[in-house]
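**Student:** what shape does this take:
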Amino acid sequence: MSEKRIVKGLFGALQADADGVEWETDSSELKQEIENERLISLAHHAMQRLSEDPRLAALFFNVEKPLGQPPKQPFQTNNAKRAMALYMAARCICEARGYGKDATFEMHLLKHITLAKALFPTNDIFDKPKASNKMRASVKRGREILGIDRYWRSSNLEDLLNTVWKIC
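**Tutor:** The predicted model follows:
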């Protein structure tokens, strides 16, 4: 009794038939074919589910990306940067005069801006807007964001700056 030829694939089976030899398929190949059919079935089922519910597709493929630049945090805006520079200028003047932390600081805004430009590198944040009323509105918005009152006092910023200077 002759042994059966172990064949792989259709071409091997056709060749064994042509030779007139008994043959059988390799069991590992049969298992691989069954696994391939199972994976194809799973992929088909998954695609069907994704087409039925678009929220699932958004989870996996991140379909909905917002257009444009990502939004800025409020403290990253030019309004807040302007207010911070003016706050630091007011704080330096009060310290130079020997005033306490609760001292009030009053100065015309355009003079205050000129002083801040002289004290710190402001990276041209005070160059635009050119109109003084728009600059006042921008500084006011920045003061609201940072919690600075009209006399350039802020307990939140004082605590933050004291913490930072203790670390350094």
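
**Student:** what's the longest helix in this protein?
**Tutor:** For the chain, the helix with the greatest residue count under DSSP state H is helix 27-52.

**Student:** now that one: average pLDDT?
**Tutor:** Helix 27-52 shows a mean pLDDT of 78 in the predicted model.

**Student:** and it, what's buried?
**Tutor:** Within helix 27-52, the residues scored as buried using 16 or more other CB atoms under 10 Å are residue 50. For the C-beta atoms, the positions are set from N, CA and C on the backbone; glycine is no exception.

**Student:** quick one: the residue nearest to residue 22 when sequence neighbours are not counted and residue 12, what's the gap?
**Tutor:** Leaving out its chain neighbours, the residue that sits closest to residue 22 by CB to CB, 6 or more residues apart in numbering is residue 4, at 4.7 Å. According to CB to CB, to the nearest Å, residue 4 and residue 12 sit 12 Å apart.

**Student:** now do the same contact list for the residue nearest to residue 22.
**Tutor:** The contact partners of residue 4, taken as CB atoms under 8 Å, 6 or more residues apart in numbering, are 21, 22, 23, 24.

**Student:** kindly recompute the last result at 7 Å.
**Tutor:** Residue 4 makes contact with 22, 23, 24 under the criterion CB atoms under 7 Å, 6 or more residues apart in numbering.

**Student:** pLDDT score for the nearest residue to the second one once chain neighbours are set aside?
**Tutor:** Beyond its immediate neighbours in the sequence, the residue positioned closest to residue 23 (CB to CB, 6+ apart) is residue 16, lying 3.7 Å away. Predicted confidence (pLDDT) for residue 16: 80.

**Student:** mind checking how far residue 16 is from residue 165?
**Tutor:** 86 Å.

**Student:** on that earlier part again, of the contacts of residue 4, which belong to helices?
**Tutor:** Among the contacts of residue 4, no member lies in helices (by DSSP H).

**Student:** just these now: which is nearest residue 126?
**Tutor:** Distances from residue 126 to those, taken as CB to CB, are shortest for residue 24 (86.6 Å).

**Student:** neighbours of the closest one, how many?
**Tutor:** When counting by other CB atoms under 10 Å, one arrives at 13 neighbours for residue 24.

**Student:** list the contacts of stretch 23-43.
**Tutor:** Against stretch 23-43 from outside (CB under 7 Å, 6+ apart): 4, 5, 6, 7, 8, 13, 16.
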